[in-house]
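> Okay, sequence plus prediction incoming.
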Amino acid sequence: MSKTAAEQKFKTKGLEDTMSRDGFVARAVQGLVDRAERLNLKHSAVGNPPVFPTDAFPWAREVEAEWHLIRQELDKLLVRKGDLPAFHEISSEVRSISSDNNWKTFFLCGYGIKSESAIEQCPETWRILQKIPGLKSAMFSIFEPGKHLPPHRGPYNGVLRFHLGLLVPNEPDKIGIRVDDQTCHWEEGKALIFDDAYEHEAWNHSDKVRVVLFVDFEKPLNFPAKQTNKAILNMAMFTPFIREGYKAHKKWEKMFYGEGTKHR
């Protein structure tokens with residue numbers, strides 16, 4: 001065997017070993033997540049419905065009460081809507097359900113990572129977000145006219161999703177979200193809280209833009225699920241999904257804000 005062939009065989013073997021190790025780690029992590037999800041269902045402090053009544057979370061009414069302040073900061077951002085990134089450009093995981101430019105986002109925080117530049121631009125929004133116990137991620141979610149997200153589910157049931165309607169055309173026959181077997185409609189200034197681990201899809205079939213404040217927060221759980229869930233969520237920031245998203249967003253921010261971007 002020539003030296004070149006031997007080197008190629010060695011490189012191929014090394015790649016196979018790496019892929020094998022990565023596959024083992026991925027299976028081990030998935031097994032841990034599966035066990036945690038079963039615990040979360042068993043020990044939920046708020047039940048496991050697809051959609052929750054807003055009053056199940058008293059802080060939601062406090063956020064609703066100040067929604068106009070959030071809307072004011074959103075309006076300033078929308079002046080540069082064309083410069084905002086499509087969600088799939090920031091999050092590779094989103095590409096399986098959205099690959100066009102009709103779902104835009106403005107990121108504030110996610111699983112231990114914060115955009116200081118975005119927070120400076122939206123200080124009232126950030127102040128109000130601190131009312132949410134167990135806040136894990138927050139962003140503005142912008143659906144352009146005609147956007148439709150196909151049925152999908154979130155990767156983990158240890159968080160719940162909070163939407164606050166900010167810019168919602170009054171066309172409920174054309175704009176909505178289905179969670180499991182329930183179809184819901186956003187309203188400006190109103191909260192919608194659901195479990196994205198259920199299959200869901202969302203659409204904006206109107207000719208106007210729809211925007212919500214999009215938040216994930218820790219699902220209220222009892223012992224021992226609460227402790228396990230916190231550990232898993234704390235590990236999230238070290239996953240390739242989060243780290244790759246951080247790098248992509250940091251690159252976009254340098255273009256949007258300039259080189260003085262603050263991001264940690």
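Right, received. Where do you want to start?
> which residues in this structure form helices?
With helices called from DSSP state H, the chain shows them at 3-42, 58-65, 67-78, 87-90, 116-121, 123-129, 225-235, 240-257.
> Report the contact partners of G154.
R161, D196, A197 (Cβ atoms under 8 Å, 6 or more residues apart in numbering). The C-beta positions use only the backbone N, C-alpha and C, and glycine is treated the same way.
> Include pLDDT, neighbour count and distance to P224 when you put the residues you listed into CSV, please.
Shown next, in CSV, are the contacts of G154 (pLDDT from 0 to 100; neighbours: other Cβ atoms under 10 Å; distance: Cβ to Cβ, whole Å):
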residue, pLDDT, neighbour count, distance to P224
R161, 98, 20, 24
D196, 98, 18, 23
A197, 98, 23, 19
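> From the residues you listed, which land in strands?
R161 (DSSP state E).
> which one among the contacts of G154 gets closest to L69?
Relative to L69, the closest of the contacts of G154 is R161; by Cβ to Cβ it sits at 21.6 Å.
> how about the nearest residue to that closest one, chain neighbours excluded?
D196 (4.6 Å; Cβ to Cβ, 6 or more residues apart in numbering).
> What of G110?
Per Cβ to Cβ, 6+ apart, closest to G110 is S137, 3.9 Å.
> and if you look at H200?
Nearest residue to H200 in three dimensions, chain neighbours excluded: V179, at 4.4 Å (Cβ to Cβ, 6+ apart).
> pLDDT score for that neighbour?
Note on V179: pLDDT of 98.
> how many neighbours does it have?
22 (other Cβ atoms under 10 Å).
> Would you map the strands across the stretch 51-200 of the chain?
Applying DSSP state E, counting those that start in this stretch to the stretch 51-200 of the chain gives strands spanning 51-52, 103-110, 113-114, 135-143, 148-152, 159-167, 175-179, 182-184, 191-194, 200-204.
> So N101 sits against P85, correct?
No. Judged on Cβ atoms under 8 Å, N101 makes no contact with P85 at a distance of 9.0 Å.
> Mind checking which of the two has more residues around it?
Taking N101 and P85 together and counting by other Cβ under 10 Å, P85 has the greater number of neighbours (21 against 15).
> State the distance from that one to G31.
Counting by Cβ to Cβ, to the nearest Å, the separation of P85 from G31 is 34 Å.
> And for L221?
For L221, the distance to G31 - Cβ to Cβ - is 20 Å.
> With neighbour numbers in mind, choose between those two.
L221 (23 against 10).
> and L135, what are its bridge partners?
F217 (DSSP bridges).
> Report the contact partners of it.
L135 neighbours (Cβ under 8 Å, 6+ apart): C109, L129, V215, F217.
> do that again at 10 Å, thanks
L135 sits next to L108, C109, L129, F162, V215, D216, F217, E218 when contact means Cβ atoms under 10 Å, 6 or more residues apart in numbering.
> Quick one: buried ones out of those residues?
L108, C109, L129, F162, V215, D216, F217, E218 (16 or more other Cβ atoms under 10 Å).
> confidence score at the second one?
Going back to what we said before, that points to C109. 96.
> what's near enough to touch it?
Contacts of C109 (Cβ under 10 Å, 6+ apart): S115, E116, A118, I119, W126, L129, L135, K136, S137, A138, M139, V215.
> so how far is W126 from it?
C109 sits 8 Å away from W126, going by Cβ to Cβ.
> Overlap of the contact sets of these two?
Common neighbours of C109 and W126 (Cβ under 10 Å, 6+ apart) are S115, E116, A118, I119, A138.
> farthest-separated two in those?
Taking Cβ to Cβ as the measure, the shared contacts of C109 and W126 have their most distant pair in E116 and A138, spaced 13.7 Å apart.
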